[in-house]
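[1] I would like the atomic coordinates for the input below:
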Amino acid sequence: MIILAIESSCDEFSISIMRDGKILSNIISSQIKEHSEFGGVVPELASRLHVENFHWVLTKSLKESNVVLEEVDYISYTSNPGLIGSLIVGKLVAQTLAMYLNKPLMEMNHIKGHIYGANIDDKFVYPVLVLVVSGGHTQIQLLEKSLDFKIIGSTQDDAVGECYDKVARVLGLQYPGGPKIDKLAQKGNPDRYQLPISKNDDTYDFSFSGLKTASLNLINKLNQNNEKIIINDLCASFQKTAINTLMLKFERAVKEFKPETITVVGGVSANSSIRSKFFEIGKKYNISKIIVPNMEYCTDNAAMIAELTNEYIKNKK
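    Model prediction:
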């Protein structure tokens, strides 16, 4: 069985080909360079670049997987959530291929794809507790069995990745700001600047608007007082607070739901400190499986959509 999966929800256009549960190719067209001069993703530019790039992504994915298009059994694509224009381009490519090949077409959810991206290299043992951290989403999900998605906590305002990018922009760091803050934070003193943990309550929901506002106010205050901003220390202090906010709720969920597997997914899961803290929590509570995805599967990619598609097909059979 061969699956051709398409992911186009934001500023990456990706096509992956899977044969019998094994990823053969995962080609990604990234637009970071084009969007960086604007300090963030420009939706119309993203969809226009998808139109320009999808043909070579498809050609390269087929070539790398050594698969002929007519051999494909299923076509799948990300239908939601995401930028409307970007999603439409992916949908049109998928529909065209499905009509041409007369093959089944399957719609996939982007966040569920991220979750099953962690299942590619190391398979889940259920129940699974998932921390979803990206530029647009911050959630805790519980899967008691395959494809049994339950959102038990979510951000009430900004996503953690969005918070990173906005603070980085004010600090003059180029988009995307998350990796740059992470790199600078490794050299800084995380206790120099005090920042608040928002929504420190009994729920599993998050809030990052308070941290964003407090960080921006601190930067403005230091500038107004002509005080030197020690950028490494500020990045370290910000990152410490952001990660503590995440882990405070996630650790509480681990204690309540007692999962067999924990995993962290989404673009921000590439953050070195989050990955380190995640293993600490897993070992502290003797979790049997601690899955941190391969870097290739952290950012938006079609392999995660192929894996999710494969899981639906297996369950249907």
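[2] can you tell me the average pLDDT over stretch 76-95?
    Across stretch 76-95, pLDDT averages out at 97.
[3] what comes up buried for that stretch?
    The neighbour-count check on stretch 76-95 (16 or more other C-beta atoms under 10 Å) flags 76-79, 82-83, 85-87, 89-91, 93-94 as buried. No exception for glycine: its C-beta is placed from N, CA and C like everyone else's.
[4] now do it: everything it contacts.
    Outside stretch 76-95, the residues that touch it by C-beta atoms under 8 Å, 6 or more residues apart in numbering are 3-11, 13, 41, 43-44, 46-47, 50-51, 54, 58, 75, 105-111, 113, 136-137, 305-306, 308-309.
[5] check stretch 13-27 too.
    Residues outside stretch 13-27 that contact it (C-beta under 8 Å, 6+ apart): 1-8, 28-29, 49-50, 53-54, 57-58, 60-62, 64-67, 72, 86, 89-90, 120, 296, 300-303, 305-307, 309-310.
[6] cool, stretch 100-112 as well?
    Contacts of stretch 100-112 (C-beta under 8 Å, 6+ apart): 5, 7, 9, 69-70, 72-82, 94-95, 97-98, 132, 137, 139, 147, 149, 300, 305, 308-309, 312.
[7] could you pull up phi and psi at residue 313?
    Residue 313 has phi and psi values of phi -60, psi -40 when expressed as degrees, to the nearest 10.
[8] quick one: least confident helix or strand in the protein?
    Averaged element by element with mean pLDDT, DSSP states H and E, the chain has its least confident helix or strand at helix 32-36 (a mean of 82).
[9] quick one: list the elements packing against the following helix or strand past that one.
    Past helix 32-36, heading to the C-terminal end, the next element that is a helix or strand (DSSP states H and E) is helix 43-65. In terms of contact count using 3 or more C-beta pairs under 8 Å, 6 or more residues apart in numbering; DSSP states H and E, helix 43-65 is assigned the packing partners strand 12-19, strand 22-30, helix 32-36, helix 84-101.
[10] just the mean pLDDT for helix 43-65, thanks.
    Here the mean pLDDT over helix 43-65 is 95, rounded to a whole number.
[11] out of the helices and strands packed on helix 43-65, which is closest to residue 214?
    Proximity of the helices and strands packed on helix 43-65 to residue 214 was assessed by C-beta to C-beta; the nearest stretch is helix 32-36, lying at 26.1 Å.
[12] pLDDT of stretch 293-308, averaged?
    Averaged over stretch 293-308, pLDDT sits at 94.
[13] list the buried residues for that stretch?
    By neighbour count on 16+ other C-beta under 10 Å, the buried set for stretch 293-308 is 293, 296-308.
[14] which residues sit against that stretch?
    Taking C-beta under 8 Å, 6+ apart as the criterion, the residues outside stretch 293-308 that touch it are 3-7, 9-10, 12, 14-18, 23, 26-28, 76-78, 108-110, 112-121, 263-267, 269-270.
[15] may I see the domains of the chain written out as residue ranges?
    Listed domain ranges for the chain are 2-116+298-316, 123-292 (source: automatic domain parsing).
[16] ok so, going back, redo the helices and strands packed on helix 43-65 as JSON lines? Include distance to residue 241.
    As requested, the helices and strands packed on helix 43-65 are arranged in JSON lines below (distance: least, C-beta to C-beta, whole Å):
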{"stretch": "strand 12-19", "distance to residue 241": "29"}
{"stretch": "strand 22-30", "distance to residue 241": "29"}
{"stretch": "helix 32-36", "distance to residue 241": "26"}
{"stretch": "helix 84-101", "distance to residue 241": "32"}
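[17] so which of the ones you listed is the most packed in?
    strand 12-19 (a mean of 27; mean count of other C-beta atoms under 10 Å).
[18] what comes into contact with stretch 33-49?
    Applying C-beta under 8 Å, 6+ apart, the set of residues contacting stretch 33-49 from outside is 10-11, 13, 29, 31, 83-86, 88-89, 165, 169, 174-176.
[19] quick one: end-to-end distance for that stretch.
    One end of stretch 33-49 to the other measures 12 Å (C-alpha to C-alpha, to the nearest Å).
[20] pull out the buried residues from that stretch.
    Counting neighbours by 16+ other C-beta under 10 Å, the buried set in stretch 33-49 is 35, 39-42, 46-49.
[21] next one: it to chain centre, how far?
    Stretch 33-49 has its C-alpha centroid displaced from the chain centroid by 18 Å (C-alpha atoms, centre = their mean, to the nearest Å).
[22] just stretch 167-184 next, same as before
    In terms of C-alpha atoms, centre = their mean, the gap separating the centre of stretch 167-184 from the centre of its chain is 17 Å.
[23] list the buried residues for that stretch?
    Going by neighbour count (16+ other C-beta under 10 Å), the buried part of stretch 167-184 is 167-168, 171, 173, 175-182, 184.
[24] contacts for it?
    32, 35-36, 38-40, 135, 161, 164-166, 212, 215-216, 219, 229, 231-232, 234-236, 238-239, 267-268, 270-273.
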